[in-house]
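Trainee: What shape does this take:
(2 chains)
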Amino acid sequence: MAIDRYSYPFTAIVGQEQMKLALVLNAINPSIGGVLIRGEKGTGKSTAVRALAKLLPDQQVVEGCHFGCHPDDPEDWCLDCRERARAGALPVTTRRMRVVELPINASEDRVVGTIDLEAALKEGSRRFEPGVLAEANRNILYVDEVNLLDDHIVDVLLDAAAMGINTVEREGVSVSHPSRFILVGTMNPEEGELRPQLLDRFGLCVDVEGIRDIDQRVAIVEKRAGWEDDPNLFYQQHAESEQSVRSQIAEAIATFPEVSLPREILRLIAQISIALEVDGHRSDLVCARAAQAKAAYDSADKVAVTHVGDVAEMVFAHRVHSVPFGKGGPNLGEVITRMIGQA
Amino acid sequence: MSVTLDRHSFPFTAIVGQESMKLALILNAVVPTIGGVLIRGEKGTGKSTAVRGLARLLPEHEVVEGCHFGCDPAALEALCAGCRLRLEAAGVLPSHKRRMRVVELPINSSEDRVVGTIDIEAALRTGTKRFEPGVLADANRNILYVDEVNLLDDHIVDVLLDAAAMGVNVVEREGVSFAHPSRFILVGTMNPEEGELRPQLLDRFGLCVDVEGIRDPDERVLIAERDAAFKRGDHEFANEFAAADHNLSRALAEAIAAVKHVRVTHGHARLISSICVEAAVLGHRADVVIDHASRALAAYRRHATPSREDIYDAATLALAHRARQPLRRDQDETSSPEQGEQQEGSKPSESEPGDPQASESESGADASAEASASASDSGEQTAGSDQGMTTGGSAGNESSPDALETFNLKRIDLPRQRRVRKQGGKRSASQTADRRGRYVRAEPKAKVNDLAIDATVRAAAPMQKRRGRIAGERLMLEREDLRQKVRERKIGNLIVFVVDASASMDAEQRMAATKGAILSLLQDAYVRRDRVAVVIFKNRTAEVVLRPTSSVSLARRRLEKLSVGGTTPLTHGLMAGYKVVKTELLRDPTIRPLLVLISDGRGNISMFKEEPLVEAQKVAALIDSEHIDALVIDSARDYSHLPSVQHLARVAPMYQTYAINACADLAERMGARYYGLYDLSRDEIASAVERELSRGR
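Mentor: You can find the predicted model right below:
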């Protein structure tokens, strides 16, 4: 179910810059791999994700395709699009990237999709009715309280996320379709941990906490009151800033592939990974992409050390091995500050 | 608007006392976005009477005719999909006035009843997927009342939280995909003795009040008299309170109309935020709630803008369940409110426009009394003494051990299948006989007793043509179509550690071992659904430092601060541990608790004015009689290689047993296995817990 009602403007969210940046970077380059937002209750986690929906870019899709296939990307086409393409050029239309929500009580049939009931009744045919994973293709898949998701659904999600494909074998339907989504999750760690495999799926991770500054707190309350009084008026008041962020994102999407990644920057990223003793190489890749997206967002044509500094913490936050009682392991903030300082 | 009294509804204004509860309800009625109220306290204190009584006093509101969700025809943004279509087609939505209702959510509700589900009749008759609205649909624009909210199943709580946060109920299950508005005033009641509320849900309640039975004999008599008058349908009583209710109802309507124009001044907004910072609340919801509640209060008291008093009264209600530091009103407040204003750090130049008498307006009934009088002034939870929050004192010789590395614990592996208890483990999940748990998928089964309608219809659908169904007639089902619901529940072990934190030679090791063991258990908790609780005893009390949780980060934070020192209130510790177990069993009888006592067994503080060791023995016997599995780890010495405990216990006269080995004696009385602490460092705790859990009784 896509959401666009009830949303508070993104640019009216006070503070929480890291969280907002992480969301924006993902909108610029989906291959960053999503973001997990961890934090105490009442810090605007869910509000921010839902607000992001209005800033998302337009994208080209094959008209009439259930999965929103990209017309220029035959590799990722669904079977339907492949067949249609053989018959002639695919019709193309534009739509806005969406935030598709996966409620934590979703049942499997709705997540992966199932047999189309009406077609089955009328024609006795076994046609596929797409589920949330189909809708999420090329969109943001948002799971609120992701740590509370049923294990079973998590398994399905992990399968799809790993392959970029959702394979359905049930009730006599046998279908595979593309399902590449930006996974965005929010959670309150007090409610329980996330499974490590799922944690690893998130490109970025930000920890949010309540703001202690009185002025900012007051601003939060006042804005909130303004919004509740008259959402339309409030939205209009923020229309300009919303539009400017939206076009900034759209511009960055166009330019980020051209932003150069100097070799010394890649070395710096590798050094940070080594200093933090993270497993594997995913962190290097994610960090490079995030820094590149940040540079594009800042209208730079080359990734600079500061861009790495801006994103490093959210890249590594969930990849550093946690040590009981925080002793003995490398300190994330310290290491990053030191390495950035040296570079 | 007139208030009609019928024989079945006790008038709101006739409720004696419980002023803060009544005020909290009223404030929510004035500004529904406050986010509801949690009422904590004993049974029989008029909680549900008050909620129902209030609902009748609220002004009627406009609802779209025939809409399941009671949409507001004026709020175009919040219309449900059906109303949108109707509006587009007809251009206008017919509406009528309706009174706000109290929609009850029974704690044994199934998830499909709460969120809504596929319309079974439509599915079977015509094979169409229609959404049948549930409780969350009924609750839209009404009061959602949850009695004993702390006993609600976890997965229902999740759903509730989601809807409360969004104001929308999103359904993606059983073949239906649907979203509808679900904005409600959440009113919950709970008895804290029966278990805590999950922090996330706790925070969703805008306000919180603690109620207790009235101690004043006169007031108690009054309660009884009014109740009797109500029951026999006394006219005088009815008339008196019909008038009072009517006045209150009018005052409410006026407040609702007025609150739109009530604003918190900038200076007072700073005051609100500084109160929240001082109370060390998490997040920002408290600020918003206080802002709303103080505006509601000001409107109700007919202030043009919330006064300092209004703000503090609102804060008292909003922080009762959020403050981590006690809420302080200014010390000078009673003597001179003006001085208080300046010392609070808000700008002294702020003027306070139009703050008339801070006393209650004569708006009607006795219900408009101030919150300050009876609301608890402290944000601290004041549970029973054995569950007190802090032990205080004895700062002298306390230290905080963290020598975890010395106890390099092997991962503790708890076996999944031990008993006949039903478990919602990972892949081993199967349907539970009592049909609890979340319906995650369906499968064919020889004998179906928990029918998955959606899956059954889907299975039957492709066959209809072949079976010769004529379009429009009911579906033709056969046995092979039937599908059983597969439910998953998050159940696992509950391991309650009762840890001796008294000062003695081995205290440091004990603490380090305990911390290590707990974290080791929790590392796996995300898969296992195991939960861990920790009770610490030292000085004169026992404290539940960690309520049952599967959160590593929470456990880590709580355990970091533990310190050792003082005397050994063993009985207190055992009792507290026993209570934690009982509470959790009450919530969910299917869990399998294990109580792990880590101590040298030498209690020296009495709880029931008996010899401390005898007391401990009695509690141990109680634990045994309740068939609670237990494990005793003796931190004093390594006894595990000595002759069997049973043997020791048999040969030693009772009064000497504890002199020889107090811990082994306790273990015997609890029916528990007994180990020496030194075994822990040799990876033995893992197999110890494992053996214990696989032993069965």
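Trainee: CA only for contacts and neighbour counts going forward, please
Mentor: OK.
Trainee: for the record, mean pLDDT for stretch B:83-92?
Mentor: Stretch B:83-92 shows an average pLDDT of 87 in the prediction.
Trainee: Identify all contacting residues around that stretch.
Mentor: Counting by C-alpha atoms under 8 Å, 6 or more residues apart in numbering or on different chains, stretch B:83-92 makes contact with B:64, B:67, B:71, B:93, all of which sit outside it.
Trainee: and the residues you listed, which are buried?
Mentor: Among the contacts of stretch B:83-92, those that count as buried by neighbour count (16 or more other C-alpha atoms under 10 Å in any protein chain shown) are B:64, B:71, B:93.
Trainee: wait, what's in contact with the first one?
Mentor: With contacts defined as C-alpha under 8 Å, 6+ apart, residue B:64 is in contact with B:70, B:71, B:72, B:73, B:83, B:93, B:94, B:95, B:96.
Trainee: count of residues packed around the fifth one?
Mentor: With neighbours defined by other C-alpha atoms under 10 Å in any protein chain shown, the count for residue B:83 comes to 24.
Trainee: ok, and for the helix or strand containing it, which residues are buried?
Mentor: Counting by DSSP states H and E, the element that carries residue B:83 is helix B:81-90. Of the residues in helix B:81-90, B:83, B:84, B:87 count as buried by neighbour count, 16+ other C-alpha under 10 Å.
Trainee: could you dump the lengthiest helix in chain B to CSV, C-alpha only?
Mentor: Here the longest helix in chain B is taken by residue count, with DSSP state H as the criterion, and it is helix B:235-258. What follows is helix B:235-258 as a C-alpha-only set of coordinates in CSV (Å, rounded to 0.1, in the frame of the first residue of the first chain):
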residue,chain,number,x,y,z
HIS,B,235,-35.0,9.9,40.8
GLU,B,236,-33.3,12.5,43.0
PHE,B,237,-29.9,11.0,42.2
ALA,B,238,-30.7,10.8,38.6
ASN,B,239,-31.8,14.4,38.4
GLU,B,240,-29.0,15.7,40.4
PHE,B,241,-26.3,14.2,38.2
ALA,B,242,-28.1,14.6,35.0
ALA,B,243,-27.8,18.3,35.6
ALA,B,244,-24.2,18.0,36.6
ASP,B,245,-23.4,15.9,33.6
HIS,B,246,-25.2,18.3,31.4
ASN,B,247,-23.1,21.2,32.8
LEU,B,248,-19.9,19.3,32.2
SER,B,249,-21.0,18.3,28.8
ARG,B,250,-21.6,22.0,27.9
ALA,B,251,-18.2,22.9,29.4
LEU,B,252,-16.6,20.3,27.3
ALA,B,253,-18.3,21.5,24.1
GLU,B,254,-17.1,25.0,25.0
ALA,B,255,-13.6,23.9,25.7
ILE,B,256,-13.5,22.0,22.4
ALA,B,257,-14.6,25.1,20.6
ALA,B,258,-12.1,27.3,22.5
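Trainee: Any part of that helix near chain A?
Mentor: No. Contact check for helix B:235-258 against chain A, using C-alpha under 8 Å from any C-alpha of the partner chain: none in range, with a minimum separation of 13.2 Å.
Trainee: For chain A, which segments count as strands?
Mentor: Ranges of strands within chain A are A:35-39, A:58-62, A:92-96, A:99-101, A:114-115, A:128-129, A:140-143, A:165-170, A:173-178, A:182-187, A:204-208, based on DSSP state E.
Trainee: Which elements pack onto the first one?
Mentor: If I follow you right, that is strand A:35-39. Identification of packing neighbours for strand A:35-39 by 3 or more C-alpha pairs under 8 Å, 6 or more residues apart in numbering or on different chains; DSSP states H and E yields helix A:17-28, helix A:45-52, strand A:182-187, strand A:204-208.
Trainee: tell me the centre residue of the chain?
Mentor: In the absence of a named chain, this looks at chain A. With distances taken as C-alpha atoms, centre = their mean, the residue of chain A nearest its centroid is residue A:34 (3.3 Å).
Trainee: I was after chain B.
Mentor: Taking C-alpha atoms, centre = their mean as the criterion, residue B:197 is the residue nearest the geometric centre of chain B, at 2.0 Å.
Trainee: ok, now which ones touch residue 289?
Mentor: If you meant another chain, say so; for now it's chain A. With contacts defined as C-alpha under 8 Å, 6+ apart, residue A:289 is in contact with A:29, A:31, A:32.
Trainee: not quite, I wanted chain B
Mentor: With contact set as C-alpha under 8 Å, 6+ apart, residue B:289 has these partners: B:34, B:35, B:206, B:207, B:318.
Trainee: Okay, and which of the residues you listed map to strands?
Mentor: If you go by DSSP E, these have residue B:207 in strands.
Trainee: can you tell me which two in the contacts of residue B:289 are farthest apart?
Mentor: The largest separation in the contacts of residue B:289, counting by C-alpha to C-alpha, is between B:35 and B:318 at 10.1 Å.
Trainee: any residues in contact with both of these two?
Mentor: Both residue B:35 and residue B:318 are contacted by B:206, B:207, B:289, under the criterion C-alpha under 8 Å, 6+ apart.
Trainee: tell me which of those is nearest to residue B:260?
Mentor: The closest of these, once distances to residue B:260 are taken by C-alpha to C-alpha, is residue B:289, at 15.6 Å.
Trainee: Tell me the residues of the stretch 201-343 of chain A that contact chain B?
Mentor: When proximity is defined as C-alpha under 8 Å from any C-alpha, the stretch 201-343 of chain A approaches chain B at A:209-212, A:214-215, A:217-218, A:220-221, A:224-225, A:229, A:324-325.
Trainee: Pull the number of nearby residues for the residue lying closest to residue A:48 once chain neighbours are set aside.
Mentor: Leaving aside its chain neighbours, residue A:48 sits nearest to residue A:10 (6.1 Å; criterion: C-alpha to C-alpha, 6 or more residues apart in numbering or on different chains). Residues lying near residue A:10 (other C-alpha under 10 Å) number 21.
Trainee: can you pull the contacts of residue A:10?
Mentor: So residue A:10 contacts A:48, A:51, A:52, A:55, A:242 (C-alpha under 8 Å, 6+ apart).
Trainee: try 7 Å this time
Mentor: Under the criterion of C-alpha atoms under 7 Å, 6 or more residues apart in numbering or on different chains, the neighbours of residue A:10 are A:48, A:51, A:52.
Trainee: So which of these wins on neighbours?
Mentor: Comparing these by number of neighbours (other C-alpha under 10 Å), residue A:52 comes first, having 25 neighbours.
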